[in-house]
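*Asks:* From the sequence below, what's the structure:
(chains A, B, C, D, E and F)
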Protein chains: 4
Amino acid sequence: MEFDNNIPIYIQVINKIKQDLITGKLKNGDKMPSARDLSAELKINLNTVARVYKELEIEGIVFTKRGIGTYVTESLEKISSIKTDYAKDLLSSFIFGMRKIGFNNQQIVSILKENIEGDYNE
Amino acid sequence: MEFDNNIPIYIQVINKIKQDLITGKLKNGDKMPSARDLSAELKINLNTVARVYKELEIEGIVFTKRGIGTYVTESLEKISSIKTDYAKDLLSSFIFGMRKIGFNNQQIVSILKENIEGDYNE
Amino acid sequence: MEFDNNIPIYIQVINKIKQDLITGKLKNGDKMPSARDLSAELKINLNTVARVYKELEIEGIVFTKRGIGTYVTESLEKISSIKTDYAKDLLSSFIFGMRKIGFNNQQIVSILKENIEGDYNE
Amino acid sequence: MEFDNNIPIYIQVINKIKQDLITGKLKNGDKMPSARDLSAELKINLNTVARVYKELEIEGIVFTKRGIGTYVTESLEKISSIKTDYAKDLLSSFIFGMRKIGFNNQQIVSILKENIEGDYNE
DNA sequence: GTGGTCTAGACCACT
DNA sequence: GTGGTCTAGACCACC
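*Replies:* Next up, the predicted model:
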């Protein structure tokens, strides 16, 4: 995994894990890699991983069994809300930003259509 | 002006000025407020304002007449490119983010439409 | 039995056993379940149960007949002192905590009365 | 400040700060000592203090101005709720604990009265 | 083995 | 000078 130097590593790792949950690479109840393993795999410090897991636990995305390991929440509701929240954040910062520079809703949609790659018939 | 604590103030001020340029509140050749005035107005440190002007100067958006003041560039081309760049940044981070969590182009457009729909009362 | 993740499991089990002794669910001389059975029943590690029994033995609350099993102490004195100690711990941490945040004795009593009042329907 | 070895230092510092807020040693809008100063004063690591401030910020008790410092929230509501929450936690763990070992409400009140030091006429 | 905490020391961005 | 982050290395409690 490559890191963007301008964003804290632990934030990037958190987002990566959320993406894995969204795309199904991680499922409810899955055991997360141990902090030591993940630290070795990503070549980042153990403390940084600990921070990642702690934040995810606060957000209710993982839970830990003392002395045993860290697990993905069993709540399917929680997992699906991650996707919703993630998409909502992207959407609102896009729309809000475009409006600030004077685009109205119709224009925003048009611009997106024009600029998005790929072929599709609407 | 209210600041988001998680984003550097100078970035937020730069963006605000760019927005003012895009929306026409600021025009080519306009005199910018003095660093001292802007600092007082926004209740931010004088150094922070200095940094804002310096960065804007590097980007070619403003220029300084020594001892006289800071002025918006005369180049209309430059000003219109700000809008393009600004919008492109917003677009690409939106599209890129949505793809990461598994949406294809068609879905991205649909979701935008659905969520912007309710606000078509402008 | 549900466990609070922030408190060591063996502590929670020890407290549960003490409570059973205090409320009479366990009596002097009773045979405790085998470590294996308790481990299966509570779905916790065998080592954790072993630790529970070891600590209880150190406190003089149970004793082990080698190869036969673990038994509750015969000493009624001991058992009644458990209740006293348990209550004293609760009391002192309550009083001490309330004083730290500025309540005097009179206020502590009042607050307890006020807040326990609504539940007098037992 | 002396630390209890069985409780994480950062938790103890957080509680100390909450107590100072409750007792009025710290007031809304007060500037907190810099992380470096507090670290030196308490003879604990800078990272540990950083963690304390971060948790307090998440709880909404302090806020930070980037590059300037950490301040107590301006919200009097928030501050008074800290006291309420703190006292409620103490109360409920006391009452709940006493009930578990078989005391009813009347007995709980009596025991508190008997054991609390000091003279007062109810 | 697991996660949780702490220290020491460093670098960085922001004001 | 301020907070924010990261690394390296250590110790601990728990299972």
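
*Asks:* Output the helix or strand where A:I111 lies as CSV - backbone C-alpha positions only.
*Replies:* If you go by DSSP states H and E, A:I111 is part of helix A:105-115. C-alpha atoms of helix A:105-115 as CSV (Å, rounded to 0.1, in the frame of the first residue of the first chain):
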residue,chain,number,x,y,z
ASN,A,105,-27.9,21.7,-10.1
GLN,A,106,-28.5,21.2,-13.8
GLN,A,107,-25.0,22.4,-14.6
ILE,A,108,-23.5,20.1,-12.0
VAL,A,109,-25.2,17.1,-13.5
SER,A,110,-24.2,18.1,-17.0
ILE,A,111,-20.6,18.6,-16.1
LEU,A,112,-20.4,15.3,-14.4
LYS,A,113,-21.9,13.5,-17.4
GLU,A,114,-19.5,15.3,-19.8
ASN,A,115,-16.5,14.5,-17.9
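
*Asks:* Show me what that helix is packed against.
*Replies:* helix A:76-100, helix B:76-100, helix B:105-117 (3 or more CB pairs under 8 Å, 6 or more residues apart in numbering or on different chains; DSSP states H and E). All C-beta atoms are positioned from the backbone trio N, CA, C, and that covers glycine.

*Asks:* Could you give the average pLDDT over that helix?
*Replies:* Helix A:105-115 comes out with an average pLDDT of 92.

*Asks:* how many other residues sit next to A:Y10?
*Replies:* Other residues within reach of A:Y10, judged by other CB atoms under 10 Å in any protein chain shown, total 19.

*Asks:* Please disregard the earlier target; I meant A:M98.
*Replies:* Neighbours of A:M98 (other CB under 10 Å): 23.

*Asks:* just the one 3 residues further on next, same as before
*Replies:* Taking other CB under 10 Å as the neighbour definition, A:I101 ends up with a count of 18.

*Asks:* wait, what's in contact with it?
*Replies:* B:K18, B:Q19, B:I22, B:T23, B:K83, B:Y86, B:A87 (CB atoms under 8 Å, 6 or more residues apart in numbering or on different chains).

*Asks:* pLDDT, neighbour count and distance to A:I116 for those - can I get that in a markdown table?
*Replies:* Compiled in a markdown table, the contacts of A:I101 are given as follows (pLDDT from 0 to 100; neighbours: other CB atoms under 10 Å in any protein chain shown; distance: CB to CB, whole Å):
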| residue | pLDDT | neighbour count | distance to A:I116 |
| --- | --- | --- | --- |
| B:K18 | 93 | 21 | 24 |
| B:Q19 | 92 | 18 | 24 |
| B:I22 | 92 | 20 | 22 |
| B:T23 | 91 | 12 | 25 |
| B:K83 | 91 | 17 | 19 |
| B:Y86 | 91 | 19 | 18 |
| B:A87 | 93 | 21 | 13 |
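
*Asks:* For chain A, which residue gets nearest to chain D?
*Replies:* Ranked by CB to the nearest CB, the top residue of chain A for proximity to chain D is A:I58, at 7.9 Å.

*Asks:* Excluding covalently adjacent residues, which one is nearest to that residue?
*Replies:* D:I58 (7.9 Å; CB to CB, 6 or more residues apart in numbering or on different chains).

*Asks:* Let me know the distance separating the nearest residue to A:G69 once chain neighbours are set aside from A:V72.
*Replies:* Of all residues not flanking A:G69 in the chain, A:K31 sits nearest, at 5.5 Å (CB to CB, 6+ apart). Using CB to CB, to the nearest Å, A:K31 is found at 8 Å from A:V72.

*Asks:* Would you mind telling me which of the two has the busier surroundings?
*Replies:* Using other CB under 10 Å, the more surrounded residue of A:K31 and A:V72 is A:V72, with 21 against 13.

*Asks:* Touching, the more buried one and A:T64? I think so.
*Replies:* No - checked against CB atoms under 8 Å, the pair A:V72 and A:T64 is beyond contact range at 11.2 Å.

*Asks:* what does the domain assignment say about chain A?
*Replies:* A:9-75, A:77-115 (automatic domain parsing).

*Asks:* is it possible to export the ones you listed to TSV including distance to D:G97?
*Replies:* Shown next, in TSV, are these (distance: least, CB to CB, whole Å):
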stretch	distance to D:G97
domain A:9-75	22
domain A:77-115	31
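
*Asks:* Distance to DNA strand F for these - can I get that in CSV?
*Replies:* Shown next, in CSV, are the domains of chain A (distance: least, CB to the nearest atom of the strand, whole Å):
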stretch, distance to DNA strand F
domain A:9-75, 3
domain A:77-115, 17
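
*Asks:* Which one of those domains lies nearest to DNA strand E?
*Replies:* Smallest distance to DNA strand E across these (CB to the nearest atom of the strand): 3.1 Å, for domain A:9-75.
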